[in-house]
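*Asks:* Just the structure for this:
(one chain, ligands or ions: 1)
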Amino acid sequence: MSTTTTVDVVGTARDRVDGRLKVMGAATYPIDVNLPGLAHAALVQSTIISGRIRDIAVDDAERAPGVVAVITHLNTPPLAIGPPTEIGPQPLPPFQSDAVLHYGQHVAMVVAETREQANSAAALVEVTYERDTPVLSFDDERATEVTHPWTPDHDRGDVSSALAEAEVRINQIYTTAENTNNPIGLFATVAVWDGDALTVHDTTQNPHGARDALAAAFGVDPAGVRILVPFVGGAFGAGLRVWPHVPLAALAARITKRPVKVVLTRAQMFTAVGHRPNTIQLLSVGASRDGLLAAIDHVSRSSIGMEGELINLVTNGSLTAYACPNVSTRARQIRQSIPIPGWMRAPGEAEGSFALESAIDELSYALNIDPIELRIKNHAHVHPDNALPWSSNALLDCYRLGAERFGWSARTPEPRSMRKMDQLVGYGMGRGALGAYQPPCKAIATIRRDGTAFVRSGGTDMGPGTYTVMSMLAADCLGVPIERVRFGLGDSAMPKAPQEGGSGFTGALGNAVHATCVSVVRAFVNLVSDDAMSPLKGCRLEGITVRNGGIQITDDPARFETYADILTRHGLDEMTIEGESAPPGETSSATMIVQEGRFIPYTPPSTGTLAHAGAFAAHFVEVNVDPDLRTIRVARVVSAVDGGRILNPKTARSQIIGGIAMGIGMALLEETVSDRTGRLVTTSLAEYVVAVNADVRDVDVLFVGEPDAMTPLGTKGIGELAITGMAAAIANAVYHATGTRFRSLPISIEKVLGLQPGH
Ligand code: MOS
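*Replies:* From the prediction side, this is the model:
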């Protein structure tokens, strides 16, 4: 028996536990699922933008080789909408009427023996439409305006007087383009019925949400519906809702009495699984000559489809970004005849922070104050609404340490003043932030007689490294070597988990795993505390250390026993306990901090004493602009991040790099374009340009800060953080390089050459 001290794996840089599976091609994504008797479905999509289906001629398709069924609104039974999830209602079920609300709406589905036969027969479906006039502009008088309850109008102080009296004002319009999530994994659904029981392999970020939606659609017991998604293939928000192709696959399987697979084409990914809607934002800031912010007025209009609702937090970040006494925010959504939008990484915050952080940069030039100094001067040391101290906030360190690492002091403030060889050089920066969010989550943990641990929960790992960090956490909390820990995800038969989204899942699941594993150890302590045969007799949770697959009396290393020995002596095959996270700022009996194998009581801050902070970042960007060709390259990025407690610096760094890459795409490349009639023009990765490796060059990530006080785990959500403030940092660097201010994203070559308006 070794007496070495337990060393936590949490906090160390570790490779992905599923990395080998993935590079070997052994990780099974929904698109890979094959079943005996599998039939393949192809979707026919609307070619008009708005109107009705007058007639669908399906005879030719039905007679085509291999066709098993053709399904339209004419032979679809009523499908009920599922219950809303943590983040709002599901999209309306498909094929319920003849109405066409957007280009690319599914209007028919062909099921055949092979995918090729299904595709070929789908081309034979003849749809006759009755068109009406789509709503394609915010200024269309038929365009209705909605406000979402998550973005209520907010007023602090008196913005109009403060703006009128301000010594310096910036008042500008900023726009962001429609962007489309483009995970490399095409969304796929495979559905198979057994009586009233339904099993579905589906690209989703929310297995329980998909289960509930499908159960409601077909009027069956949710307990008989199982969603499987051990690996997602990327989603970035596109997998947060149950899109129409999912119930359609289940419907096809029900009608044909066969397993049915549907795989969206890349073109269909642009119209059928949501996208980031465009925004037009009016931002006014007022300040005194010496750089103290007096007022921020942020008004946003963003698009939404003709049906449903969508949380889009464009203006929320402006409320707490700075210590500004007068702030007003208005977020409006305008109904348009567009494919139903959804969520895409930092939905709203990415767009809103572009406007705010651009305006603050403009203010820094108007005041002739360094942009970092201006931000430090207006730093919100406490929550600006309620004056409570933050539960943690290392943003000032992000500014200082990030600037140092970047070499900001070499910057000369004058635009166009820096050059490298023949290139214009610009240094720009931006502040990023993402609010705290932790939905409820359950987990279950088993220790078996062979000494292995199996911990699981019904959420997903869409790519950020959830399997890895949760295995690490479980290893530390149980004192079981990580090689002997298996983590299970992606199965709705596992305990109820929320969506992996809103950057809330590491906190939600991590705190659940933490609490569940503490309960497991407590159960072992209860087993041995009056066990005369055990060297641990009389032990209490406070006095033990877990390590090497068992329990030791902290002060007496000779008193040690493995879980396996305890189970064997008690004639048990395993110990299984289910648990759940306590909400931030609260505790349950299992809320403890586990450190170095020891169990330390966790005391949350007293109610109402702290404001729950989210994550913070400061981005520093160098762009190189060719003065003749006008091409913009992001040469260097340094991002300093306050992500609270970092569970695995390697996977966390990858999350930040991913956010930066999408920020580069948003700033310079990505734009979902429709023509004047409302038809989508960019329907492939050739036309819709994302940042590739060649666009993401020298990226340096720096973690600063302390564990957050609101939860025992102390993490903050960082999945979406890095895209916030990133587009502004790039646009600000472009201004510094060129002296031209671009207020319209993306800063495409057409705009830089002056061929399209953009500044
Ligand atoms: Mo993210 S848009 O919450 O998956």
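*Asks:* can I assume residue 588 sits in a helix?
*Replies:* No - with DSSP: H, G, I helix; E, B strand; the rest coil as the criterion, residue 588 is located in coil rather than a helix.
*Asks:* check contacts around residue 687.
*Replies:* By C-beta atoms under 8 Å, 6 or more residues apart in numbering, the contact set of residue 687 is 673, 681. The way it works is simple: take the backbone N, C-alpha and C, and place the C-beta from them, glycine included.
*Asks:* That should have said residue 579, apologies.
*Replies:* Contacts of residue 579 by C-beta under 8 Å, 6+ apart are 442, 443, 444, 445, 512, 515, 516, 517, 518, 519, 590.
*Asks:* residues near the nearest residue to the first one once chain neighbours are set aside, how many?
*Replies:* Excluding the flanking residues, the one nearest residue 442 by C-beta to C-beta, 6 or more residues apart in numbering is residue 495, at 3.7 Å. Under the neighbour criterion other C-beta atoms under 10 Å, residue 495 is assigned a count of 20.
*Asks:* measure residue 495 to residue 457 for me?
*Replies:* 5 Å (C-beta to C-beta, to the nearest Å).
*Asks:* which residues are common contacts for these two?
*Replies:* The overlap between the contact sets of residue 495 and residue 457 (C-beta under 8 Å, 6+ apart) consists of 442, 443, 444.
*Asks:* which of the residues you listed tops the neighbour count?
*Replies:* For those, neighbours tallied by other C-beta under 10 Å; top is residue 443, 33 neighbours.
*Asks:* mind checking how far the helix or strand hosting that residue is from the chain centre?
*Replies:* Secondary structure from DSSP states H and E places residue 443 in strand 442-448. Distance, stretch centre to chain centre, for strand 442-448: 26 Å (C-alpha atoms, centre = their mean, to the nearest Å).
*Asks:* contacting residues around that strand?
*Replies:* Residues outside strand 442-448 that contact it (C-beta under 8 Å, 6+ apart): 453-458, 474, 478, 480, 494-497, 509, 512-513, 515-517, 519-520, 524, 563, 567, 573-581.
*Asks:* Of these, select the buried ones using a ChimeraX command.
*Replies:* Burial among those is assessed by 16 or more other C-beta atoms under 10 Å; the matching ChimeraX selection reads:
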select :453,454,455,456,457,458,474,478,480,494,495,496,497,509,512,513,515,516,517,519,520,524,563,567,575,577,579,580,581
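*Asks:* and the contacts of strand 442-448, which of them are in strands?
*Replies:* Among these, the residues falling in strands (DSSP state E) are 453, 454, 455, 456, 574, 575, 576, 577, 578, 579, 580.
*Asks:* Chain neighbours aside, what residue packs nearest to the fourth one?
*Replies:* This points to residue 456. Residue 456 sits nearest to residue 488 (C-beta to C-beta, 6+ apart), 3.1 Å away.
*Asks:* quick one: buried residues of stretch 660-678?
*Replies:* In stretch 660-678, counting by 16+ other C-beta under 10 Å, buried: 660-672, 674, 678.
*Asks:* I misspoke; the intended subject was stretch 72-91.
*Replies:* 72, 73, 76, 79, 81, 82, 85, 86, 87, 88, 90, 91.
*Asks:* residue of the stretch 601-750 of the chain with the smallest distance to the ligand?
*Replies:* residue 720 (5.9 Å; C-beta to the nearest ligand atom).
*Asks:* quick one: the closest residue to that residue other than its chain neighbours from residue 587, how far?
*Replies:* Nearest-residue entry for residue 720: residue 346, 3.8 Å, with adjacent residues in sequence omitted and distances by C-beta to C-beta, 6+ apart. Note on residue 346: its distance to residue 587, by C-beta to C-beta, is 30 Å.
*Asks:* Of those two, which one has the most company?
*Replies:* Taking neighbours as other C-beta under 10 Å, residue 346 and residue 587 compare with residue 346 leading, 32 against 16.
*Asks:* how about the more buried one, phi and psi?
*Replies:* phi 50, psi 60 (degrees, to the nearest 10).
*Asks:* got a list of what it touches?
*Replies:* 434, 503, 659, 720, 721, 723, 724.
*Asks:* Between those, which sits nearest residue 281?
*Replies:* residue 724 (14.4 Å; C-beta to C-beta).
*Asks:* tell me, how many neighbours does the closest one end up with?
*Replies:* Using other C-beta under 10 Å, residue 724 has 32 other residues around it.
*Asks:* confidence score at it?
*Replies:* pLDDT recorded at residue 724 is 98.
*Asks:* Check residue 1 too.
*Replies:* 41.
*Asks:* Once you drop chain neighbours, what's closest to the residue of the stretch 301-450 of the chain found nearest the ligand?
*Replies:* Nearest residue of the stretch 301-450 of the chain to the ligand: residue 343, at 3.7 Å (C-beta to the nearest ligand atom). Excluding the flanking residues, the one nearest residue 343 by C-beta to C-beta, 6+ apart is residue 237, at 3.5 Å.
*Asks:* residues contacting that neighbour?
*Replies:* Residue 237 touches 181, 205, 274, 342, 343, 344, 345, 347, 501, counting by C-beta under 8 Å, 6+ apart.
*Asks:* wouldn't residue 439 be in contact with residue 86 here?
*Replies:* Yes - using C-beta atoms under 8 Å, residue 439 is in contact with residue 86, at 4.8 Å.
*Asks:* Centroid-wise, who is the farthest residue in this protein?
*Replies:* residue 532 (51.2 Å; C-alpha atoms, centre = their mean).
*Asks:* Please report how far residue 108 lies from the ligand.
*Replies:* 30 Å (C-beta to the nearest ligand atom, to the nearest Å).
*Asks:* surely residue 15 meets residue 650?
*Replies:* Yes - between residue 15 and residue 650 a contact is recorded at 7.1 Å, counting by C-beta under 8 Å.
*Asks:* and those two? which has more neighbours close in?
*Replies:* Set residue 15 next to residue 650 and count neighbours by other C-beta under 10 Å: residue 650 wins out with 15 against 12.
*Asks:* Could you tell me the per-residue confidence at that one?
*Replies:* So, for residue 650, pLDDT stands at 98.
*Asks:* Tell me who's in contact with the closest residue to residue 493 other than its chain neighbours.
*Replies:* Distances taken as C-beta to C-beta, 6+ apart place residue 226 nearest to residue 493, at 5.5 Å, with adjacent residues excluded. For residue 226, the contacting residues are 197, 198, 199, 200, 211, 491, 492, 493, by C-beta under 8 Å, 6+ apart.
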